[in-house]
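Peer 1: Any chance you could fold what I've pasted below:
(2 chains)
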Amino acid sequence: MAIGWFDRLRIERLVWMLDQQIYDLPRARRIATRREVRANLLEASADVGTTEALRRIGGSRGLAEQYLVAEFGDRPRPSWIGAIYAAGLTPLLLNYLLSEVTNGFTDGVRAAHGSGTFAFDGVAYLQHALTVTVSGSEVALSGGSWTPWTYAIWLLIVIFAGRLWRLRRRSSQVRAGATDD
Amino acid sequence: MLCVDTTQLLKGVLDLAVLAALRDEDGYGYDILRRLRAAGLQDVGDASVYGTLRRLFTGGFLNTYVVPSDEGPHRKYYALNAAGRAELDRNGKTWREFASTMNDLLGDRGIV
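Peer 2: As a prediction, this is how the structure comes out:
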């Protein structure tokens, strides 16, 4: 049975979705898995049709779980991809929050006093005090960096998002000598 | 009603079934799946078999190698190694003993 481009796209979609869920596998193992699943699906598709092949394999989530359990065992495991996302996105979110608060303060003093230099305590616990200098349409900021608490919150979010405490309980099940093609 | 859940039975012996499917000839994922279905294990799930293959490989019971294919992407073949054959022998013996016990139990009571 010939496989058309639309069916190939459906297979690629599943392979891509699987790939997103097995990021915690070692890179070489993840690439090998992707290739293997694609090859198996193409053959199954030629054999029984793409719809049936995809139905038989189930969702990408179940398949990813099989590979992750095979690699790490079925005990709770950390999520490196979750930790990486949290490490990247949390500073963006925090900086956005802090800058919005600063902008609010700047707009407020400008409306009330026009030009001048103003001290702002910053967001309690999250931000050091900052000085806002307004001169016409120009605004200069100094200070306002993260406090140690903010860094601690960042770290905690990374730990929770990645469930990194599970690292302590996890015994390595990956054979050191196991290689993949 | 008490019923024998073949899915659960299969889950318990899937490792053994996959090892047995590879006893005489190396195979790639879908090929092994076909062998299992041809042998009568119709309910076996694709994802379960692929996961089992990976687990057996990670456990050191299988070796792998890649073979180019004219019809499509390269295929990753699985082969039993010495540890895999020993595991197959050991688990096969366990299964035969268990099946024999169950057969005796059912036979003694005139069932089946």
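Peer 1: quick one: low-confidence ranges for chain A?
Peer 2: Along chain A, segments meeting pLDDT under 70 span A:1, A:169-181.
Peer 1: Determine the longest helix present in it.
Peer 2: helix A:80-113 (DSSP state H).
Peer 1: Following element in sequence after it, please.
Peer 2: Beyond helix A:80-113 on the C-terminal side, the first helix or strand identified by DSSP states H and E is strand A:116-120.
Peer 1: roughly how far is the helix or strand following that next one from the heart of the chain?
Peer 2: Remark: after strand A:116-120, the chain's next helix or strand is strand A:130-135, criterion DSSP H and E. For strand A:130-135, the separation from the chain centroid amounts to 35 Å (computed by CA atoms, centre = their mean, to the nearest Å).
Peer 1: Go through strand A:130-135 and flag the buried ones.
Peer 2: Within strand A:130-135, the residues that count as buried by 16 or more other CB atoms under 10 Å in any protein chain shown are A:130, A:132, A:134. To be clear about C-beta, it is placed using only N, CA and C from the backbone, and glycine gets the same treatment.
Peer 1: hmm, stretch B:86-104 in reach of chain A?
Peer 2: No: contact of stretch B:86-104 with chain A (CB under 8 Å from any CB of the partner chain) is absent, the minimum separation being 14.9 Å.
Peer 1: So what's the gap between that stretch and the chain middle?
Peer 2: Its chain's C-alpha centre and that of stretch B:86-104 lie 14 Å apart, by CA atoms, centre = their mean.
Peer 1: Check which helices and strands the biggest helix by length in chain B sits against.
Peer 2: Under DSSP H, the helix in chain B containing the largest number of residues is helix B:82-108. Packing contacts for helix B:82-108, counted by 3 or more CB pairs under 8 Å, 6 or more residues apart in numbering or on different chains; DSSP states H and E, involve helix B:6-21.
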